[in-house]
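Chemist: Here's a sequence, model it:
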Amino acid sequence: MPNSYVSNYVHVVFGTKSRTRAIKDDLQPRLWSYMVGIARKHGFHAIAIGGMPDHVHALINLGATLSISEAVKVLKANSSRWLGKKFEWQEGYFACSVSRSQISVVSRYIANQREHHKKRDFAAEFESLLKKHGFVHYR
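Modeler: Purely as a prediction, here's the structure:
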């Protein structure tokens, strides 16, 4: 077979350093769009990107050649430079695979972050994601 065909969808979540509310509401749409461009420039596809002042959710399709860690590194480094010298992302991240049948569900979840976070904060959301995906209690 001369070509590789890979469907590798991943939901990635990472926060601002110390969970500071550093991504102001008016900046969020531009940052999310910029991150879509970062993905495109580096050979992967951003299906959905969104979040809150203290964190980002991204649904990405990595394709055949890029690792999750490299994609996250690229998103963080380039968006951090765009945001300015004083801005920093937290060191780690959460990532889980997403089946093709769940792409619309995860996309809606990302699009509805503002509504979702009226009920719980980022720490509770992150803990819930970890538990749902079989990670030990992180606190």
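Chemist: Which parts of the chain are helices?
Modeler: Secondary structure of the chain by DSSP state H: the helices cover 28-41, 68-83, 103-111, 113-116, 122-132.
Chemist: So for the fourth one, what gets flagged as buried?
Modeler: Of the residues in helix 113-116, those with enough neighbours to count as buried (16 or more other Cβ atoms under 10 Å) are residue 113. Any C-beta I mention is one placed from the backbone N, CA and C, and that applies to glycine too.
Chemist: for stretch 96-113, same thing?
Modeler: Under 16+ other Cβ under 10 Å, the buried positions of stretch 96-113 are 96, 98, 103, 106-107, 109-110, 113.
Chemist: go on, stretch 74-89?
Modeler: Result for stretch 74-89 [16+ other Cβ under 10 Å]: buried residues 74-76, 78-79, 83, 89.
Chemist: hang on, the earlier thing: tabulate the helices of the chain (JSON lines), appending distance to residue 58 and mean pLDDT.
Modeler: Formatted as JSON lines, the entries for the helices of the chain read as follows, by distance: least, Cβ to Cβ, whole Å; pLDDT from 0 to 100:
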{"stretch": "helix 28-41", "distance to residue 58": "7", "mean pLDDT": "97"}
{"stretch": "helix 68-83", "distance to residue 58": "7", "mean pLDDT": "97"}
{"stretch": "helix 103-111", "distance to residue 58": "8", "mean pLDDT": "96"}
{"stretch": "helix 113-116", "distance to residue 58": "12", "mean pLDDT": "85"}
{"stretch": "helix 122-132", "distance to residue 58": "13", "mean pLDDT": "85"}
